[in-house]
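Chemist: using only what follows, build the 3D model:
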Amino acid sequence: MSSPAASFSPPTCPSPPESIAEALERVTPLQGLPFEDRFWLAQHGEELVMQPGDILFEEGSPADRMILMLKGEIHVQRKHNGAMALFIGRTGQMTGLLPFSRMKAAGGQGVAVTPVWALLIHKSLFPEMLEAIPSMAQRVVSTLLDRVREVTRIEQQAEKLTALGKLAGNLAHELNNPASAAQRAAASLATELRANRENRFRLVNLCLTGEQIHQIEQWENVLIHRSQPEQSRDAASLIANEEALRIWLTALPCDTAWDVAAQLAEQGATVTDLDELRALLDAEATCVVVQYFARYLRSTRSVNTLIHSSERIFDLISAIKAYSNMDRAAILEVDVPAGLDATVQMLQARMKTISVVRDYQACLPCISAYGAELNQVWTALIENALDAMVGCPKGRLKLVCRLEADMLLVEIWDNGFGIPPEIQDRIFEPFFTTKPPGLGLGLGLDNAMRTVRKHRGHLSVKSEPGCTCFRVRLPLNQFQAY
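Modeler: Numbers count the residues shown, from 1 in each chain. Predicted coordinates:
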């Protein structure tokens, strides 16, 4: 399907070349250019007037003109990665196709967002322009360098935002589980405390003797510390035991037999245990005692769940701080295995079916490094490994960290589908990606390579179907690293 045509047209009343030449003085790269040179541009260029919403060019259309922005603003948007302003052309800028540029097609759709007045120079005029205005060569090259830096910065920012979104999603998933468990446990604990408050007078009215209290405590302690044998833990046995307890309690009678039976069965109590308690107390006292004991068991489990959930949340927060190196200097003594573990914890939501194997050499020294940046390297490499294992029935991620001469060697292995040999030499190129549009900009491995080189290290890959390994070597000596 062909792209829609541009919607701009030449002005009905063209401006005098002298007026255009005067306006060209406001174009930053042309400042200081003599009037006769600007007049040459005004005579040979094509004047352009656009209204908001007019389209100058479509994404993928041939790039064949240099654009000198005299007034207004044009946004270049890349649609296939979502509505994102890839570039903004404003008053005073020189943009579009420039001499010496290798650009073949427009990287996005150019749309006017304000009234636009511009001058277009067709590429067929470039040789004549450079001959007539020699200083244009230097002005164009400076503009090209600035544009490359700006576009790269925007793409890198988009890549970082994408990575941040993935990380936020993983953390939300990981935090949701312990937070939900803590919420359920707190609600259950409140219910049990409320029930015991309502029945406290029934317990007081039993008027138990000191001997009875002592025997009840012994009976409860036996059950609290009971460990069930493995053969009694199958579902059928548990259901049968719970049903037997419910029948016994109903016959007692106990008005909450269904609830008490479930708690006692989970603790491993049997009908024999209830017979022992019944031998000590009358029916009413037995009912009250087992009700309080069942609520104690449930409350204890709720408290344990709260403790474990809080510990899990605390561990996650600690992992986040270790991963991002919050409240710490940029360059610090980095424990690389700890950074690997923190990264794995950040990505835990994607590892439900992945087994993680750690092979860390004992007593590894710390290295002087940018801790947060190294963790970004581990994130890029581990995420690539996880992507490669999508669809594998038994994914396996292996992390290796050991000394190799005066270097620290980190290896990240996966048993995924591997990297095709024909693209292995290209995976570290910026913007090269095998992911569908919108799922990656192809900067993850490029940023990883830049960071490793910044630390005077080396990053390489070896891959075949079922076995891929990324190797990172980092110098131990901090004076060599910087």
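
Chemist: does Gly53 sit in a helix, a strand or a coil?
Modeler: At Gly53, secondary structure determined by DSSP: H, G, I helix; E, B strand; the rest coil is coil.

Chemist: then Leu120?
Modeler: For Leu120, the reduced secondary structure class is strand; criterion used: three-state DSSP.

Chemist: okay, now it: neighbour count?
Modeler: The criterion is other C-beta atoms under 10 Å. On that basis, Leu120 has 19 neighbouring residues. Glycine gets a C-beta too; all of them are placed from N, C-alpha and C.

Chemist: for Gln263, same thing?
Modeler: Considering only other C-beta under 10 Å, Gln263 is surrounded by 22 other residues.

Chemist: all helices of this protein, in order?
Modeler: Using DSSP state H, the helices of the chain run over 17-24, 35-44, 126-132, 136-198, 200-204, 210-224, 235-251, 257-267, 271-280, 283-324, 336-346, 371-388, 444-454, 478-481.

Chemist: can I get the ones you listed in CSV including mean pLDDT?
Modeler: As requested, those are arranged in CSV below (pLDDT from 0 to 100):
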stretch, mean pLDDT
helix 17-24, 92
helix 35-44, 93
helix 126-132, 93
helix 136-198, 75
helix 200-204, 68
helix 210-224, 87
helix 235-251, 88
helix 257-267, 87
helix 271-280, 89
helix 283-324, 81
helix 336-346, 87
helix 371-388, 86
helix 444-454, 83
helix 478-481, 50
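
Chemist: Leu408 is nearest to which of the ones you listed?
Modeler: With respect to Leu408, and counting by C-beta to C-beta, the nearest of these is helix 336-346 at 6.1 Å.

Chemist: mind giving me the packing neighbours of that closest one?
Modeler: helix 136-198, helix 283-324, strand 354-360, helix 371-388, strand 395-404, strand 407-414 (3 or more C-beta pairs under 8 Å, 6 or more residues apart in numbering; DSSP states H and E).

Chemist: please save the CA atoms from it in PDB.
Modeler: Output in PDB follows, covering the C-alpha atoms of helix 336-346 (Å, rounded to 0.1, in the frame of the first residue of the first chain):
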ATOM      1  CA  VAL A 336      29.800  -8.500  40.700                       C
ATOM      2  CA  PRO A 337      28.000 -11.700  41.900                       C
ATOM      3  CA  ALA A 338      25.700  -9.600  44.100                       C
ATOM      4  CA  GLY A 339      24.900  -7.400  41.100                       C
ATOM      5  CA  LEU A 340      24.100 -10.500  39.100                       C
ATOM      6  CA  ASP A 341      21.800 -11.800  41.800                       C
ATOM      7  CA  ALA A 342      20.100  -8.400  42.200                       C
ATOM      8  CA  THR A 343      19.400  -8.400  38.400                       C
ATOM      9  CA  VAL A 344      18.000 -11.900  38.500                       C
ATOM     10  CA  GLN A 345      15.700 -10.800  41.300                       C
ATOM     11  CA  MET A 346      14.500  -7.800  39.200                       C
END
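
Chemist: roughly how far apart are Leu120 and Met66?
Modeler: 7 Å (C-beta to C-beta, to the nearest Å).

Chemist: ugh, wrong one, Gly96
Modeler: As judged by C-beta to C-beta, Gly96 and Met66 stand 5 Å apart.

Chemist: shared neighbours of these two, anything?
Modeler: Each of Leu120 lies in contact with both Gly96 and Met66 under the rule C-beta atoms under 8 Å, 6 or more residues apart in numbering.

Chemist: circling back: what touches both of Leu120 and Met66?
Modeler: Shared contacts of Leu120 and Met66, defined by C-beta under 8 Å, 6+ apart, are found at Gly96.

Chemist: wait, isn't Ala42 in contact with Leu30?
Modeler: No - between Ala42 and Leu30 there is no contact, the gap being 11.2 Å when judged by C-beta atoms under 8 Å.

Chemist: next, format the helices of the chain as TSV and append distance to Cys469.
Modeler: Output for the helices of the chain, formatted as TSV (distance: least, C-beta to C-beta, whole Å):
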stretch	distance to Cys469
helix 17-24	57
helix 35-44	56
helix 126-132	48
helix 136-198	22
helix 200-204	65
helix 210-224	51
helix 235-251	43
helix 257-267	47
helix 271-280	57
helix 283-324	23
helix 336-346	15
helix 371-388	10
helix 444-454	14
helix 478-481	23
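
Chemist: Val113: which of those is closest?
Modeler: Closest of those to Val113 is helix 136-198, at 17.1 Å (criterion: C-beta to C-beta).

Chemist: count of residues packed around the residue nearest to Asn177 when sequence neighbours are not counted?
Modeler: For Asn177, ignoring the flanking residues on the chain, the nearest one in space by C-beta to C-beta, 6 or more residues apart in numbering is Arg312 at 7.7 Å. Taking other C-beta under 10 Å as the criterion, the count of residues near Arg312 is 17.

Chemist: and for the one 5 residues further on?
Modeler: Counted with other C-beta under 10 Å, the neighbours of Ile317 add up to 12.

Chemist: that one and Asn221, how far apart?
Modeler: 37 Å.

Chemist: swap in Leu238?
Modeler: From Leu238 across to Asn221, the span is 22 Å (C-beta to C-beta).

Chemist: looking at these two, which is more packed in?
Modeler: In terms of neighbours (other C-beta under 10 Å), Leu238 is the more surrounded of Leu238 and Asn221; the figures are 16 against 10.

Chemist: find the nearest non-adjacent residue to the more buried one, please.
Modeler: Going by C-beta to C-beta, 6+ apart, Leu238 has Ala265 as its nearest residue, at 6.2 Å.

Chemist: could you pull up the contacting residues of that neighbour?
Modeler: Counted by C-beta under 8 Å, 6+ apart, Ala265 has contacts Leu238, Asn241, Glu242, Leu245.

Chemist: so the last one touches Leu274, yeah?
Modeler: Just to be clear, that refers to Leu245. Yes - Leu245 sits in contact with Leu274 when judged by C-beta under 8 Å, with a separation of 6.9 Å.

Chemist: touching both of the two, which residues are there?
Modeler: Residues touching both Leu245 and Leu274 by C-beta under 8 Å, 6+ apart: Leu264.

Chemist: now do the same contact list for Ile412.
Modeler: By C-beta under 8 Å, 6+ apart, the contact list for Ile412 reads Trp378, Leu381, Ile382, Ala385, Leu397, Lys398, Leu399, Val400, Cys469, Phe470, Val472.

Chemist: list the contacts for the third one?
Modeler: In this case it means Ile382. By C-beta under 8 Å, 6+ apart, Ile382 lies in contact with Thr343, Val344, Leu347, Leu397, Ile412.

Chemist: those residues: which two are farthest apart?
Modeler: Maximum pairwise distance in the contacts of Ile382, criterion C-beta to C-beta, is 12.1 Å, between Leu347 and Ile412.

Chemist: run a quick neighbour tally on Leu474.
Modeler: Using other C-beta under 10 Å as the criterion, Leu474 is surrounded by 22 other residues.
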